[in-house]
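Peer 1: What shape does this take:
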Amino acid sequence: MTSRLPQFYPAAWKEEFGLAGPVFAPGVCLGLVERQDGAYSFLTSDHLARLDRNFDELLSLGISTLGALTQGVELHVAKPPGATVAWVTAEDNFASVRILLPQVMSKLQSALGKGFLFSIPSRDLCLFWNIGAPRALTQKHAQEASDDFDSEEYNLTPHVLVFSNDWPCAVYDAAG
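Peer 2: Prediction:
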């Protein structure tokens, strides 16, 4: 069986290219990719319909496969005043989607609490921080997410999001 990995993609691609997968957050969907020759291609809805497994089964297998790819991957944690901030670095273009890995989620929730804020301006950039962080820090991260979204080739969303196990994750409303 072909190995597929989870990967986020811009929601517009779902209709434009017929990609399979649910909405993860406003403007961001979760798909599956097949890696080949240093590139990858997304699983389309048509291709999924011809397979003997549903999307959730393939996603579960893909998350397990991604979890085993640990070379060049690191979860960093910093503690600026009044906050805890974490980010994933990876050499394989799957940094942001590693939020789905149980071992990453466990470490994030241990450091940040069950609910936390995050940004995924591109497939290669992700930042996570506690909801109770100082407002100025959240505003700084929001500006960085917007700037990174504008400058990154594989952009996803300029928004700060609130993590939820029940997708789609919501856009953070700083006004409350």
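
Peer 1: Output the helix ranked longest in the chain in CSV with nothing but the alpha carbons.
Peer 2: Once the chain is assigned using DSSP state H, the helix that runs over the most residues is helix 135-151. This file holds the C-alpha atoms of helix 135-151, laid out as CSV (Å, rounded to 0.1, in the frame of the first residue of the first chain):
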residue,chain,number,x,y,z
ARG,A,135,-2.0,40.8,24.8
ALA,A,136,1.1,42.5,23.3
LEU,A,137,2.7,39.1,22.7
THR,A,138,-0.4,37.8,20.9
GLN,A,139,-0.6,41.0,18.8
LYS,A,140,3.1,40.5,17.9
HIS,A,141,2.5,36.9,16.9
ALA,A,142,-0.6,37.9,14.9
GLN,A,143,1.5,40.5,13.0
GLU,A,144,4.3,37.9,12.4
ALA,A,145,1.7,35.4,11.1
SER,A,146,0.3,38.0,8.7
ASP,A,147,3.7,39.0,7.5
ASP,A,148,4.8,35.4,7.1
PHE,A,149,1.6,34.5,5.2
ASP,A,150,2.3,37.4,2.8
SER,A,151,5.9,36.3,2.2
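
Peer 1: Centre of the chain to the helix or strand following that helix, how far?
Peer 2: On the C-terminal side of helix 135-151, the nearest following helix or strand under DSSP states H and E is strand 160-162. From the chain centre to the centre of strand 160-162 is a distance of 11 Å (Cα atoms, centre = their mean, to the nearest Å).

Peer 1: what packs against strand 160-162?
Peer 2: Identification of packing neighbours for strand 160-162 by 3 or more Cβ pairs under 8 Å, 6 or more residues apart in numbering; DSSP states H and E yields strand 116-122, helix 135-151, strand 170-171. For every residue, glycine as well, the C-beta is placed using N, CA and C.
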